[in-house]
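*Asks:* Fold the following and give me the result.
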Amino acid sequence: MKDKFYKYIQNLQDTITSKLEAVDGKSKFQEDIWERPEGGGGRTRVIENGAVLEKGGVNISGVHGKLPKSMQTYFNVGDVDFFACGLSLVLHPKNPMVPTVHANWRYFEMYDGSGNIIDSWFGGGQDLTPYYVFEEDAVHFHQTCKTACDKHDPEFYKDYKKRCDAYFYNSHRNESRGIGGLFFDYCKASNDRTMENWYHFVTEVGDSFLEAYVPIVEKRKSLSYSKAERNWQEIRRGRYVEFNLVHDKGTLFGLKTNGRIESILMSLPPHVQWVYDHYPEKGSEEEKLVEVLKHPKDWIAL
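*Replies:* Reported below is the predicted structural model:
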């Protein structure tokens with residue numbers, strides 16, 4: 001399974017970066033091949049200073065070796081080996097009318113001393129972080145997620161949307177990071193589903209990403225914006241950074257397993273503001289966003 005999924009994310013990385021370069025029309029992804037001393041490596045692709053994308057990364061990795069002590073405690077296991085691979089992307093558009101997006105699809109295995117698989121699972125998801133609320137964009141993103149889920153189980157979208165709202169939550173701010181999407185983890189073989197079934201589900205979601213996001217970019221990328229709206233975008237980006245550095249498990253895993261720091265932190269936006277005790281003007285479009293983030297919505301009828 002690990003070879004099959006790694007081949008999938010290699011091809012998906014090519015598909016996504018090629019499409020994003022066409023959408024941007026100016027900048028190209030810079031590729032960086034790296035190796036992890038303990039085992040494995042990855043292929044990082046970063047785009048910067050584009051016509052549409054101010055900064056973005058679409059990275060794949062496949063790492064293996066002894067599971068670090070800190071992660072043994074986290075997973076409640078002993079001295080085991082592991083393999084982990086996945087594709088992770090974050091895109092920060094220049095125009096504040098275009099939302100930031102994050103997505104990740106991953107696979108994990110653990111082995112005993114004889115090399116036998118003792119556990120394996122899939123995880124991943126995709127979520128949207130707008131700076132201004134366009135309800136039709138939120139509906140489009142969530143409907144695309146639901147369509148992908150419904151092909152495999154009519155309960156998936158409802159369940160994984162709730163998990164996304166719960167996970168991407170800045171508890172220290174009492175607000176969501178964005179308007180959600182899907183989040184799933186520890187998708188393991190059971191009486192109901194094989195690992196092959198989970199593979200087809202996760203790749204279905206991965207294949208849906210461009211359809212979920214690119215139409216929104218195309219619709220909003222040429223809208224005009226003011227300096228004040230750009231300032232608001234940078235303030236909200238600060239909340240994005242806070243989540244990634246304080247709460248995100250993927251960032252923690254990368255740091256705990258001696259991952260490549262440049263690839264781990266490529267998700268951070270290039271221009272950010274932290275303004276003391278800032279709250280938007282009552283009745284403004286900025287306040288509309290904050291209210292949505294404090295009270296997650298069901299964007300489509302279930």
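
*Asks:* In the stretch 51-200 of the chain, mark out all the strands, start to finish.
*Replies:* Under the criterion DSSP state E, counting those that start in this stretch, strands of the stretch 51-200 of the chain are mapped to 53-66, 81-93, 100-111, 117-129, 169-170, 175-176, 180-187.

*Asks:* among those strands, which is nearest P269?
*Replies:* Comparing the strands of the stretch 51-200 of the chain by their distance to P269 (CB to CB), the top pick is strand 81-93, with 4.4 Å. For glycine as for every other residue, the C-beta is placed from the backbone atoms N, C-alpha and C.

*Asks:* could you redo the strands of the stretch 51-200 of the chain as TSV and give each row distance to P270?
*Replies:* Shown next, in TSV, are these (distance: least, CB to CB, whole Å):
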stretch	distance to P270
strand 53-66	5
strand 81-93	7
strand 100-111	12
strand 117-129	16
strand 169-170	21
strand 175-176	23
strand 180-187	24
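
*Asks:* Which of the ones you listed sits closest to H271?
*Replies:* Nearest of those (CB to CB): strand 53-66, 7.4 Å.

*Asks:* that older thread, let's have the strands of the stretch 51-200 of the chain in TSV, adding distance to S284 and mean pLDDT.
*Replies:* Shown next, in TSV, are these (distance: least, CB to CB, whole Å; pLDDT from 0 to 100):
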stretch	distance to S284	mean pLDDT
strand 53-66	24	95
strand 81-93	21	96
strand 100-111	20	96
strand 117-129	19	96
strand 169-170	21	94
strand 175-176	16	96
strand 180-187	22	97
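
*Asks:* of all the ones you listed, which lies closest to H142?
*Replies:* strand 180-187 (6.8 Å).

*Asks:* before we move on, back to that, quick one: closest of the strands of the stretch 51-200 of the chain to H200.
*Replies:* strand 117-129 (10.3 Å).

*Asks:* residue contacts, V80?
*Replies:* V80 makes contact with K66, L67, Q72, M110, Y111, D112, I118, according to CB atoms under 8 Å, 6 or more residues apart in numbering.

*Asks:* quick one on the thing from earlier: Q10: which of the strands of the stretch 51-200 of the chain is closest?
*Replies:* The nearest among the strands of the stretch 51-200 of the chain, by CB to CB, is strand 53-66 at 6.2 Å.

*Asks:* these two touch, right, V46 and K28?
*Replies:* No. Counting by CB atoms under 8 Å, V46 does not reach K28; the two are 10.3 Å apart.

*Asks:* more crowded one of those two?
*Replies:* Between V46 and K28, counting by other CB atoms under 10 Å, V46 is the more crowded of the two (18 against 12).

*Asks:* which SS class is that one?
*Replies:* strand (DSSP: H, G, I helix; E, B strand; the rest coil).

*Asks:* number of nearby residues for the closest residue to it other than its chain neighbours?
*Replies:* In space, and not counting its chain neighbours, V46 is closest to G57: 4.8 Å by CB to CB, 6 or more residues apart in numbering. Applying other CB under 10 Å, we find 24 residues neighbouring G57.

*Asks:* Packing partners of the helix or strand of the chain with the lowest mean pLDDT?
*Replies:* Within the chain, judged by mean pLDDT, DSSP states H and E, the helix or strand with the poorest mean is helix 249-256; its value is a mean of 78. Applying 3 or more CB pairs under 8 Å, 6 or more residues apart in numbering; DSSP states H and E, one finds that helix 249-256 makes contact with helix 69-75, helix 261-264.
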